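Q: sequence plus predicted model, see below.
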Amino acid sequence: MPVAIEKFRPACPDRPDVYPSFWSSMFGAQSRNPIIGWTKASFEVSHASRSFPGFTYHTLNDPELIQQVFLDRQPSFGKPSLMRKFAGRYMGGSLFLEEGEIWRSQRRLMAPTFTPGSVAAFHPIFVEAGERTANRWAQEAPGVIDVDAEAVRTTFDVISRALFSGEHGLGTDEAAEHVENLLASVLRPGALLGGLGWLDQTRRTRKGRAAEAFLISRLSAFIAARQADPEPPGDFMTQILQAFAQDHPPEEAARLALSNAVIFLVAGHETTAHALAWTLYLLSEDQQAQAWAAEEARAALSRGGTPAETLEHLIYLRMVLEESLRLYPPAPRLEREAKADEVVGDLQIRKGDWVGVWPWLVHRHKALWRDPDLFDPENFSPEAKEGRHKFQYIPFGAGPRICIGAQFATAEALLVLAQWLARFEFAPTPGHRVEVFADMTLKPVGGMPLRVYERLG
Ligand code: HEM
């Protein structure tokens, strides 16, 4: 009789039967870690609406409804105006926050850097960054290593070399900490109090403001130096600065380049770093999956082809990564504000209401996945993917505003993981309890300490 292999059930917060109160959502434990408030029913319903003083929040789980908001009626749903109010100083004018024609022209301008062909030019940077980290680990293994912190350093190294030629003048650890603080402060619940935002003087808010000031001052200096450089390096930043200079006076071009520099630093490394850490956690708990992925990585790397050829041979590892992005979507929440009254399915949405699509809920929804809380890379076998709704799996968002860096992040994660898995074995740290925390990104509380051993032979 075939033996059923028990699948691993990874860490996930308990689900209460009822929603926490308004006050807990705004000021209590859920305000610090919003994913702990989702009830059992949140993972079963197609949509739900909750009214707060001043606005209604509609949560959508049904892929058909998500498609309506993110694609079919996309112009009626914009980025929340509070995001502009609280993050506008450094995000205003950027690809991430702008709408309409300004967004379209920026997306057109930046898209060529992120096509699969252009991303291939960055492959050597991904491989070298992964190798540098692995070489450092070789000195420390066997031992316990916080792979989340290591992944943050690695992906910061990648983004600064790939887009800024490493010249932005930010030290890795210092910048990574500020980026984390900035992300933690963007959608703080206190900000939802709108006009009463000045009441929000929490430690998180203060750290967010300090991070904002730090990044703006350092990156402004970097951009000024680029504008003054008669022969700047031909990287992404020079390219967008020169393009903005064609249509705008130098000061405005510098402002637009600055907000995009912040966005690409912020959006482009922490997300990928946490994806690496969650993937290693899952593999540390499923030794069979780790053995398969490691064997595949060693075989792919030993062929000695280009990184693009290596990627073609990382078939199982890609399934593992996709499953990891399902269970732990690094961007766990996507939010929009209705710009006009709309009807979506049987939902009446009023101008000013918020629509929340949480990959965290959709990816673990009972009606959409079999055993949604178990780790099973087979969810991403070609047969399992066939016929799946396009808006059911959305780690990179959906519709025209889908993540511009999705190909970049995927190739980076696979090439870095292949290096690490080929050389090291990862095991859980006894006594360490993995806990999930969400603000703008989904990360492990207290990092991800794993025991790391160098593979023999
Ligand atoms: C695993 C890694 C990543 C994940 C999970 C991720 C996720 C996302 C998601 C969900 C969105 C859509 C947000 C929304 O609709 O509100 C987004 C947008 C964006 N991402 Fe990523 N991202 C990742 C890596 C990257 C990288 C590496 C870059 C840049 C190099 C990047 C740059 C951006 C930008 C600029 C946008 C805004 C696009 C627009 O609005 O047109 N991301 N990302």
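A: Sure, I can see it.

Q: got the buried residues for the lengthiest helix in the chain?
A: Identified as the longest helix of the chain according to DSSP state H is helix 250-285. Residues of helix 250-285 classed as buried by neighbour count (16 or more other CB atoms under 10 Å): 253-285. Glycine gets a C-beta too; all of them are placed from N, C-alpha and C.

Q: ok, residues contacting stretch 235-246?
A: For stretch 235-246, the external contacting residues (CB atoms under 8 Å, 6 or more residues apart in numbering) are 109-110, 113, 162-165, 223, 226-227, 232, 252-254, 256-257, 260-261, 264.

Q: tally of neighbours for the closest residue to residue 316 other than its chain neighbours?
A: Distance criterion CB to CB, 6 or more residues apart in numbering; nearest residue to residue 316, sequence neighbours excluded, is residue 296 at 5.0 Å. For residue 296, the count of nearby residues is 20 (other CB atoms under 10 Å).

Q: doesn't residue 296 fall inside a helix?
A: Yes - applying DSSP: H, G, I helix; E, B strand; the rest coil, one finds residue 296 inside a helix.

Q: wait, what's in contact with the closest residue to the ligand within the chain?
A: Residue of the chain nearest the ligand, by CB to the nearest ligand atom: residue 405 (2.3 Å). Applying CB under 8 Å, 6+ apart to residue 405 gives the contacts 114, 264, 267, 268.

Q: could you rerun that using 7 Å?
A: By CB atoms under 7 Å, 6 or more residues apart in numbering, the residues touching residue 405 are 114, 267, 268.

Q: show me what from the stretch 151-300 of the chain comes close to the ligand.
A: Residues of the stretch 151-300 of the chain found near the ligand (CB under 6 Å from any ligand atom) are 263, 264, 267, 268, 271, 272, 275.

Q: separation between the last one and residue 70?
A: Residue 275 sits 21 Å away from residue 70 when distances are taken as CB to CB, to the nearest Å.

Q: same thing with the first one?
A: If you measure residue 263 against residue 70 using CB to CB, the figure is 19 Å.

Q: and if you look at the third one?
A: Relative to residue 70, residue 267 is positioned 17 Å away (CB to CB).

Q: check residue 135 too.
A: As defined by CB to CB, residue 135 lies at a distance of 42 Å from residue 70.

Q: more crowded one of the two?
A: residue 70 (23 against 11).

Q: my read is that the more buried one contacts residue 402, right?
A: No - counting by CB atoms under 7 Å, residue 70 does not reach residue 402; the two are 8.5 Å apart.

Q: name the nearest residue to residue 220, ignoring sequence neighbours.
A: Distances taken as CB to CB, 6+ apart put residue 258 closest to residue 220, at 5.8 Å, once the chain neighbours are dropped.

Q: so what's that neighbour up against?
A: Residue 258 makes contacts with 216, 219, 220, 223, as judged by CB under 7 Å, 6+ apart.

Q: show me the contacts for the last one.
A: The one in question is residue 223. Counting by CB under 7 Å, 6+ apart, residue 223 has contacts 241, 254, 257, 258, 261.

Q: what about residue 303, distance to residue 359?
A: Relative to residue 359, residue 303 is positioned 34 Å away (CB to CB).

Q: and those two? Which one has more around it.
A: Applying other CB under 10 Å to residue 303 and residue 359 shows that residue 359 carries more neighbours, namely 24 against 11.

Q: give me the three-state assignment for the residue nearest to that one when sequence neighbours are not counted.
A: Distance criterion CB to CB, 6+ apart; nearest residue to residue 359, sequence neighbours excluded, is residue 329 at 3.7 Å. Under three-state DSSP, the three-state class of residue 329 is coil.

Q: which residues touch residue 329?
A: Contact analysis of residue 329 by CB under 7 Å, 6+ apart lists 359, 360, 363, 395, 442.

Q: out of those, which touch the ligand?
A: Residues of these in contact with the ligand (CB under 6 Å from any ligand atom): residue 395.

Q: looking at the contacts of residue 329, which are in strands?
A: residue 442 (DSSP state E).

Q: the contacts of residue 329 in helices, which ones?
A: Using DSSP H, the contacts of residue 329 in helices are 359, 360.

Q: tell me where the stretch 301-450 of the chain has strands.
A: Assigned by DSSP state E, counting those that start in this stretch, the stretch 301-450 of the chain shows strands spanning 334-338, 342-344, 347-349, 354-357, 424-428, 436-438, 442-444, 449-454.

Q: for residue 181, which of the ones you listed is the nearest?
A: Between residue 181 and the strands of the stretch 301-450 of the chain, the tightest spacing by CB to CB is seen for strand 442-444, at 12.7 Å.
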